[in-house]
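> Generate coordinates for the sequence data below:
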Amino acid sequence: MKKTLKEKAVKDIKDKFDKSKVVIFTDYKGLTMFQLSALRRKLRPLDAEYKVLKNTYITRAVKEKAFEGIEKLLIGPTAILFGYKDQVMPAKVLSEFIKENEKLNIKGGVLEGKLIEPRIITALSKLPSREVLIAKVLGGMKAPITNLVFDLKGMINKFVFALNAIKVKKQG
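Presented below is the predicted three-dimensional model:
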């Protein structure tokens, strides 16, 4: 490969790392092209991609980031999942794919600029989606306000009943 093409490949990988919210390193040895294509199709709607890359290009691309221990992730065949929009959903899809295809192994990853272990990626995949978390937070914020409204309404009703009782007592 010509030097300019190699430099372009390294720059593309560096750009993908910069853009990504989550990066997951995997060992894809033993998977067929059909299986890899199926995984890529599942990731595409999530604004994520799965690329088989050369370890030397990855090393050059992340040299400036100074990730400690990244060299142990770059042993043997390496494919990387880049998640651009969400951290959780790509990890969920990958975990589900691993259950179906046990040949794929997670080596580690990068989350918010820090190197993470495979167990953290597995824990990340078990989290609810972003939308579910937002709904839970909004529900939690809404509950106290709803309770306050019902309490105030109850107090106002009691006050009106007391006024009505006083009115009835004075009339009769």
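
> Domain-wise, how is this structure divided?
With domains defined by automatic domain parsing, the chain comprises 3-127, 128-172.

> Is it correct that L43 is in contact with K92?
No - assessed by Cβ atoms under 8 Å, L43 is found out of contact with K92, at 10.6 Å. (C-beta placed from N, C-alpha, C; glycine too.)

> Looking only at neighbour counts, state which of the two leads.
Remark: of L43 and K92, L43 carries more neighbours, 20 against 17, as counted by other Cβ atoms under 10 Å.

> That one and L36, how far apart?
Distance, L43 to L36, by Cβ to Cβ, to the nearest Å: 11 Å.

> So for those two, which residues contact both of them?
Listed as contacting both L43 and L36 by Cβ atoms under 8 Å, 6 or more residues apart in numbering are Y50.

> picking up where we left off before, of the domains of the chain, flag the one that's most buried.
Compared across those, domain 3-127 shows the largest average neighbour count, a mean of 16 (mean count of other Cβ atoms under 10 Å).

> Pull up the distance across that domain, start to finish.
43 Å (Cα to Cα, to the nearest Å).

> Please compute how far the lengthiest helix in the chain lies from its chain's middle.
For the chain, the longest helix by residue count, based on DSSP state H, is helix 130-171. Remark: helix 130-171 is offset 38 Å from the chain centroid, using Cα atoms, centre = their mean, to the nearest Å.

> now stretch 93-102
16 Å.

> Dump the domains of the chain to JSON lines, plus mean pLDDT.
Output for these, formatted as JSON lines (pLDDT from 0 to 100):
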{"stretch": "domain 3-127", "mean pLDDT": "87"}
{"stretch": "domain 128-172", "mean pLDDT": "79"}
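
> Phi, psi for the closest residue to R130 other than its chain neighbours please.
Spatial nearest neighbour of R130, chain neighbours left out: D86 (5.7 Å); criterion: Cβ to Cβ, 6 or more residues apart in numbering. Reported as degrees, to the nearest 10, the phi and psi values for D86 are phi -140, psi 150.
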